[in-house]
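# what shape does this take:
(chains A, B, C and D)
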Protein chains: 2
Amino acid sequence: MNDEIKKPQPAPPEDVQSVDQVVRHIALLIERGELRPGDRLVPERELAEQLGVSRPTVRAGLHALAAMGVTESRQGAGTFITAGPPRLGAGPLSFLAALHGFTRDQIFEARKVLEVGAAGLAAERGLAERLAPMAEEVTGMFATLTEPQDFLIHDVRFHRAVAAAADSPVLLALVEMISSLVYEQRSLTVGRAHDLKESAEMHRRIYQAIRDKDPARARQEMTHHLDLARSAQASEELDLPAGVLPSRVMGNA
Amino acid sequence: MNDEIKKPQPAPPEDVQSVDQVVRHIALLIERGELRPGDRLVPERELAEQLGVSRPTVRAGLHALAAMGVTESRQGAGTFITAGPPRLGAGPLSFLAALHGFTRDQIFEARKVLEVGAAGLAAERGLAERLAPMAEEVTGMFATLTEPQDFLIHDVRFHRAVAAAADSPVLLALVEMISSLVYEQRSLTVGRAHDLKESAEMHRRIYQAIRDKDPARARQEMTHHLDLARSAQASEELDLPAGVLPSRVMGNA
DNA sequence: CCTCGAAATTGGTCAATCCAGTCTTGACAA
DNA sequence: TTGTCAAGACTGGATTGACCAATTTCGAGG
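Numbering: from 1, shown residues only, chains lettered A, B, ... in the order given. Predicted coordinates:
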């Protein structure tokens, strides 16, 4: 064999995976506070040069970050750190649900823990400025009693508003994560819903308990509501053409 | 203009993004039950041909799935659907924490809601086969009172065992997600911990309440423990060299 | 029948190139 | 002077083709 033509290892034997290196680099910049929400990253080409990796590798890393909801890319404009309120994409949970066949009851169980706790916290806090969004969604529910799909949107938004009123960003992120899952499931069956009026009434009572700064009642009303909602959804799923249900738990990636 | 020479679009005008197409394709296979945990995906090259996209594009999609904890790739072996128990990677939450500067108290707030609820459920269920793991971790804590880092590991595992005893996969996934965050934060300061013995005692009381199928006591003990743990961690952070704390909230991607 | 090593398989990466939106800039007209 | 808009640069989106490295497979040889 010739021993001077070959120049095998152009890069030092760094055993780190190149694409991980990209993710770690961005993570480092975020840790250091050099990248804040809304900021624009350096162009892919430049990033590739800085890290000494190829552009496809950089792109793979950026896609991974995008999947985690950290970045957003706009063709022609650039790649940006996700702005807006702290949000946890529903993608991972959706996949988990599809892979392990989470049941409706299992999801409601988690909801009960999260949202009953959130309702209690919201009532303890009693932040006046958080009441309006909740009230608005309740109004929206009463206004869409004959439009199940629209009703559902207000329903989900109400529950998010409650979590927001708990004034706990982490809790809010978790609730939003699950409510996305709930929305995806429920939107398939809500057309067969009965008693939307009763549902709206329950939401109103939850709101009133939080407004009255009565944590115990807020928790109790939320518990009651979720139990009934679980039963309601179960009955909605009964008279449904077979085959429509089992799948379709996936959300936006 | 000529109207027969041009043949502009080699691909039908699908306005879908290629990399999204890859993710959706895998998602579809999972929905249909054609891909189950542990299964191996078709090779990248074949997948690229099937979908009519390039391999770097396929790789970007697979990296996105990997970031969501859906797939795992092993060089030379193949790409597999993540096996094992339902698990939600800590990556997204870690980034969220770093980006929005979640405080220790905010994390503990979420923990209280999740874990107090989990402890209550675990006590209600009273599944005998879930008790052993909890007891084992309590034992481990008493055995490592002088080794804070090892103690912390048992601590975190105990809390996961409680969530597992709640027998709610969704809740367990959420608790694991947060406990990863807690571990990352706490491992920096646990060296300065006092009263590890008292902490072990509290865990033992939580365990006993669950073992006795006493939900109210389980919830109360867990609440009490988390409140004290929050104070303890706060004091640990006080006498710490400045600059070590603020960053380092990122986890494995 | 067992062991071991070569070859096929598969993920990991890079290089160069083109396409498609987006933003910037400066010339031209009002 | 000012406003408009079109050309060009900039940036992400995607492809082709090739090569490296780890793993698996399978047959030759003991």
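# next, the buried residues of stretch A:157-169.
By 16 or more other C-beta atoms under 10 Å in any protein chain shown, the buried positions in stretch A:157-169 come out as A:157-169. In short, each C-beta sits where N, CA and C put it, glycine included.
# my bad, should have said stretch A:103-113
Quick answer for stretch A:103-113 (16+ other C-beta under 10 Å): A:104, A:106, A:107, A:108, A:109, A:110, A:111, A:112, A:113.
# quick one: mean pLDDT over that stretch.
Mean pLDDT, computed over stretch A:103-113, is 94.
# also stretch A:216-229?
Here the average pLDDT along stretch A:216-229 is 95.
# so for it, what gets flagged as buried?
By 16+ other C-beta under 10 Å, the buried positions in stretch A:216-229 come out as A:217, A:218, A:219, A:220, A:221, A:222, A:225, A:226, A:229.
# re earlier: okay, the buried residues of stretch A:157-169 in JSON lines with secondary structure next?
Below are the buried residues of stretch A:157-169 laid out as JSON lines (DSSP: H, G, I helix; E, B strand; the rest coil):
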{"residue": "A:157", "secondary structure": "helix"}
{"residue": "A:158", "secondary structure": "helix"}
{"residue": "A:159", "secondary structure": "helix"}
{"residue": "A:160", "secondary structure": "helix"}
{"residue": "A:161", "secondary structure": "helix"}
{"residue": "A:162", "secondary structure": "helix"}
{"residue": "A:163", "secondary structure": "helix"}
{"residue": "A:164", "secondary structure": "helix"}
{"residue": "A:165", "secondary structure": "helix"}
{"residue": "A:166", "secondary structure": "coil"}
{"residue": "A:167", "secondary structure": "coil"}
{"residue": "A:168", "secondary structure": "coil"}
{"residue": "A:169", "secondary structure": "helix"}
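# which two from those end up farthest apart in space?
Farthest-apart pair in the buried residues of stretch A:157-169 is A:158 and A:169; separation 18.8 Å (C-beta to C-beta).
# what's near enough to touch residue A:69?
A:82, A:87, A:88, A:89, A:91, B:92, B:95, B:96 (C-beta atoms under 8 Å, 6 or more residues apart in numbering or on different chains).
# and it, that's in a strand?
No. Applying three-state DSSP, one finds residue A:69 to be coil, outside a strand.
# report how many residues lie close to residue A:75.
6 (other C-beta atoms under 10 Å in any protein chain shown).
# for the stretch 101-250 of chain A, which residues are neighbours of chain B?
Within the stretch 101-250 of chain A, the positions near chain B by C-beta under 8 Å from any C-beta of the partner chain are A:102, A:106-107, A:109-110, A:112-114, A:116-118, A:121, A:168-171, A:173-174, A:178, A:247-250.
# ok, now which ones touch residue A:113?
Residue A:113 makes contacts with B:113, B:114, B:117, B:118, B:121, B:168, B:171, as judged by C-beta under 8 Å, 6+ apart.
# so which bits of chain A are right by DNA strand D?
For chain A, the residues in contact with DNA strand D (C-beta under 7 Å from any atom of the strand) are A:8-9, A:41, A:43-46, A:55-56, A:59, A:62, A:73-79.
# filter the residues you listed by proximity to chain B?
On the criterion C-beta under 8 Å from any C-beta, A:56, A:59 are the entries of the residues of chain A next to DNA strand D that sit beside chain B.
# just the buried ones from the residues of chain A next to DNA strand D, in ChimeraX syntax?
A single ChimeraX command selects the buried members of the residues of chain A next to DNA strand D (16+ other C-beta under 10 Å):
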select /A:41,44,56,59,62,79
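# take the residues of chain A next to DNA strand D and keep only those in strands.
Mapping those onto strands (DSSP state E) picks out A:73, A:74, A:78, A:79.
# run the chain-centre distance for the longest helix along chain A.
With secondary structure taken from DSSP state H, chain A has its longest helix at helix A:215-238. Offset of helix A:215-238 from its chain centre (C-alpha atoms, centre = their mean, to the nearest Å): 21 Å.
# show me what that helix is packed up against.
helix A:104-125, helix A:196-211 (3 or more C-beta pairs under 8 Å, 6 or more residues apart in numbering or on different chains; DSSP states H and E).
# need the CA coordinates for stretch A:148-163. CSV is fine.
Below are the C-alpha coordinates for stretch A:148-163, written out as CSV (Å, rounded to 0.1, in the frame of the first residue of the first chain):
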residue,chain,number,x,y,z
PRO,A,148,-69.7,21.2,18.7
GLN,A,149,-66.4,21.8,17.0
ASP,A,150,-66.4,25.4,17.9
PHE,A,151,-67.6,24.5,21.4
LEU,A,152,-64.6,22.1,21.8
ILE,A,153,-62.2,24.9,20.9
HIS,A,154,-63.5,27.1,23.7
ASP,A,155,-63.5,24.1,26.0
VAL,A,156,-59.8,23.4,25.4
ARG,A,157,-59.0,27.1,25.7
PHE,A,158,-60.8,27.4,29.0
HIS,A,159,-58.7,24.6,30.5
ARG,A,160,-55.6,26.3,29.3
ALA,A,161,-56.8,29.5,30.8
VAL,A,162,-57.2,27.8,34.1
ALA,A,163,-53.7,26.5,33.9
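# any low-confidence regions in the stretch 1-150 of chain A?
A:1-15 (pLDDT under 70).
# which residues are in contact with the residue in it positioned nearest to DNA strand C?
Closest approach between the stretch 1-150 of chain A and DNA strand C, counting by C-beta to the nearest atom of the strand: residue A:76, at 2.4 Å. With contact taken as C-beta under 8 Å, 6+ apart, residue A:76 is in contact with no other residue.
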